[in-house]
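K.L.:
with the sequence up front, the predicted model follows.
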Amino acid sequence: MTKPPFVFRFLQAIGVILLSLSIAMTLLGGIGTTCVAFAAENFGSMAALVPVKPVFQILVFVSIIAGIAGIFSTVRLVKARKHAYAQVLLFLLIAGVASAIQFYFSVTLRGKTAPNNMRLYITIITLVYLLILRIPGIWEKMPFNRLFSSTNGVAGGAAALCLTGLLTLTTPLWAAPTHIIDGVNTANELLAPMLIIGSLLFLSGLSLLHSERRASLAFNQSR
């Protein structure tokens, strides 16, 4: 089968980067909300969220489960697996609704939405971007499309996952300037989950690269 043009492989890489960021933000948002969901009364201004703690507790589990599902659906999408596009859209819809509910209660009760606002914006941007890629005339030429070989464009998607994994792993370093409070880097409060999420994304990328290499070797041997 013919190889997709570079511009469409580039568009796919952008899509995977956005998906990876959405996954990272969804997982970090779910894990990071745990303290507020179960002990809002112990965190100053967060005490305003005590009346909706049950809602936030549900959002914690929904976000974590959705984020994990997002990793698997994104890997399937890069491999052009059947129904993967619909699965990715479902992840984004669930993650977006969960973030929007948290956004609403935060702005209503606290008057502040950060950092959940960035999670919501990135999820919406990713959803809109993928819907645009589905437009007839574009989708037919995308590596996501099963009309192409399942290994086409995998390298770009794998590289995007690895890059996002590295960005997540190094978050305490590049986010430090905006997260230093009283001389303490508060980004380190989520160090363990960031290490787990970053590692999952990075290893997913390496797995895709390995699978593409094996497929390429098998194809060359069959020629």
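P.N.:
Here it is on my side, so go on.
K.L.:
and the pLDDT at residue 160?
P.N.:
Here, the pLDDT recorded for residue 160 equals 74.
K.L.:
buried residues in the lengthiest helix in the chain?
P.N.:
Counting residues, the longest helix in the chain under DSSP state H turns out to be helix 191-222. Within helix 191-222, the residues scored as buried using 16 or more other Cβ atoms under 10 Å are 193-194, 197-198, 200-202, 204-205, 208-209, 211-212. Every residue, glycine included, has its C-beta placed from N, CA and C.
K.L.:
mind giving me the packing neighbours of it?
P.N.:
Packing partners of helix 191-222 (3 or more Cβ pairs under 8 Å, 6 or more residues apart in numbering; DSSP states H and E): helix 6-32, helix 53-78, helix 154-169, helix 171-174.
K.L.:
nearest to residue 188, out of the ones you listed?
P.N.:
helix 171-174 (5.1 Å; Cβ to Cβ).
K.L.:
from the chain's centre, how far out is that closest one? Work that out for me.
P.N.:
18 Å (Cα atoms, centre = their mean, to the nearest Å).
K.L.:
what mean pLDDT does it have?
P.N.:
For helix 171-174, mean pLDDT is 79.
K.L.:
and what of stretch 97-110?
P.N.:
Throughout stretch 97-110, pLDDT has a mean value of 92.
K.L.:
return the residues in contact with the residue nearest to residue 20 when sequence neighbours are not counted.
P.N.:
In space, and not counting its chain neighbours, residue 20 is closest to residue 164: 3.4 Å by Cβ to Cβ, 6 or more residues apart in numbering. Contacts of residue 164 were listed using Cβ atoms under 8 Å, 6 or more residues apart in numbering, and they are 17, 20-21, 23-24, 201.
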